[in-house]
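In: Build the 3D model from these lines:
(one chain, ligands or ions: 2)
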Amino acid sequence: MKITPLAADSFGARSMATIVETPDVSVLIDPSVRLGPFRYDLRPHPTEKARQKELWQAIRTASKDADVLTVSHYHYDHHNPDVPSIFRGKIAFLKDGKFHINRSQRQRAGAFVRAIKKYPKEMQAADGNQMDFGGTELLFSPALPHGYDDQLGYVVMTRIAHGDEVFVHTADVLGPPLKEHLSFLIDAQPTILYVDGPMTHMPDNYPEEHTKRSLSHLQRILRTTNVRTLILDHHILRDRGWRARMEPVFQAGKEHDVAVLTAAEFAGQPISQLEANRDVLYGFEPRP
Ligand SMILES: [Zn+2]
Ligand SMILES: [Zn+2]
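Out: Ligands and ions are numbered 1, 2, ... in the order given. Okay, here's the model as predicted:
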């Protein structure tokens, strides 16, 4: 199984776009990349805009080789309604747009399905769904809350299994802070797990107790599953101090022989935290 992160916060823009290739099938998860509209009251820096363009090109190129395109939920860093043609001839698994969804994402889901409708050869709701491709099993979790409650709607996690290898992509669970996130992840028995991490850069919207719970859930996964690689990225990489915040997870990784790293490092590239350093990009002193 070959796992290639195509864009991520550690690459310099908001995304968890990943292509997973097995001898049976090639699955592109969440083909989109966006920039945080405001950070430190600043709009995206030209460096970020240039990076976003490059990363979108990489996603677009990879989409040509994919058999399956998936959308975990309808935030714009996970689906791109502007270029529906990437779905041409693909099997599309999309988060259900009618059930377990909040109002804003229901509207976006409707618009998205209308935009891409004529392109895919097959379109299915992802929630709790499953499909076999030869020796590869593609499975989606039921709808799970986007964070510690369902105010931001729901997401589906993606699980791809081939032989002894199991890749799980959480999408935006913001942690994982909830027991229901944890139980899906433990049942899924990942060998490679990609999580988005707690939202430590927005303490007003994301109370500390949820960071604590997320850390303890991640430690528990490292302790009790066969996971060998933990990719931490997306929300947690929006915090300049993310390494210190995640120290207990790095420690657990050492104890249980699990590599803990960002998507950029997993892809053999240096970390490029552009949004977290937007103030510095504009020439300001780094804010605390
Ligand atoms: Zn989201
Ligand atoms: Zn996201």
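In: make it CA atoms for all contacts and neighbour counts henceforth
Out: OK.
In: Could you say which helix or strand holds residue 243?
Out: helix 242-245 (DSSP states H and E).
In: Residues contacting the very next helix or strand once past that helix, please?
Out: Note on helix 242-245: by DSSP H and E, the next helix or strand toward the C-terminus is helix 247-255. Applying C-alpha atoms under 8 Å, 6 or more residues apart in numbering, the external contacts of helix 247-255 come out as 215, 218, 219, 222, 223, 258, 259, 260.
In: out of the residues you listed, which one sits closest to residue 283?
Out: residue 260 (31.6 Å; C-alpha to C-alpha).
In: my read: the closest one touches residue 231, true?
Out: Yes. Residue 260 lies in contact with residue 231 (C-alpha atoms under 8 Å); the separation is 6.0 Å.
In: Please enumerate the helices of the chain.
Out: Applying DSSP state H to the chain gives helices spanning 46-65, 103-116, 179-188, 208-224, 242-245, 247-255, 263-266, 278-281.
In: re earlier: farthest-apart pair in the contacts of helix 247-255, please.
Out: Among the contacts of helix 247-255, 215 and 259 lie farthest apart (C-alpha to C-alpha), at 15.9 Å.
In: These two: who's more crowded?
Out: residue 215 (22 against 18; other C-alpha atoms under 10 Å).
In: Quick one, grab the pLDDT at that one.
Out: For residue 215, the pLDDT comes out at 98.
In: which regions of this protein sit below the pLDDT cut-off?
Out: Under the criterion pLDDT under 70, no range of the chain is flagged.
In: residues near residue 37, how many?
Out: Neighbours of residue 37 (other C-alpha under 10 Å): 10.
In: Sorry, wrong one. I was asking about residue 285.
Out: Counted by other C-alpha under 10 Å, the residues lying close to residue 285 total 10.
In: quick one: it and residue 34, what's the gap?
Out: 25 Å (C-alpha to C-alpha, to the nearest Å).
In: try residue 84
Out: For residue 84 relative to residue 34 (C-alpha to C-alpha), the value is 16 Å.
In: So for those two, which residue has more residues nearby?
Out: residue 34 (24 against 18).
In: now residue 279, nearest residue through space, not along the chain?
Out: Setting aside the residues directly before and after it, residue 279 is nearest to residue 286 in space (C-alpha to C-alpha, 6 or more residues apart in numbering), at 6.0 Å.
In: wait, that neighbour sits on residue 241?
Out: No. Contact criterion C-alpha under 8 Å: residue 286 and residue 241 do not qualify, at 11.8 Å.
In: which residues are in contact with stretch 85-102?
Out: Contacts for stretch 85-102 (C-alpha under 8 Å, 6+ apart): 60, 63-64, 66-74, 105-106, 109-110, 116, 118-127, 143, 150-156.
In: Kindly supply the PyMOL command isolating those of the residues you listed that are buried.
Out: Applying 16 or more other C-alpha atoms under 10 Å to those leaves a buried subset, and the PyMOL line that selects it is:
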select buried, resi 60+63+66+67+68+69+70+71+72+73+74+105+106+109+116+119+120+123+125+126+127+143+152+153+154+155+156
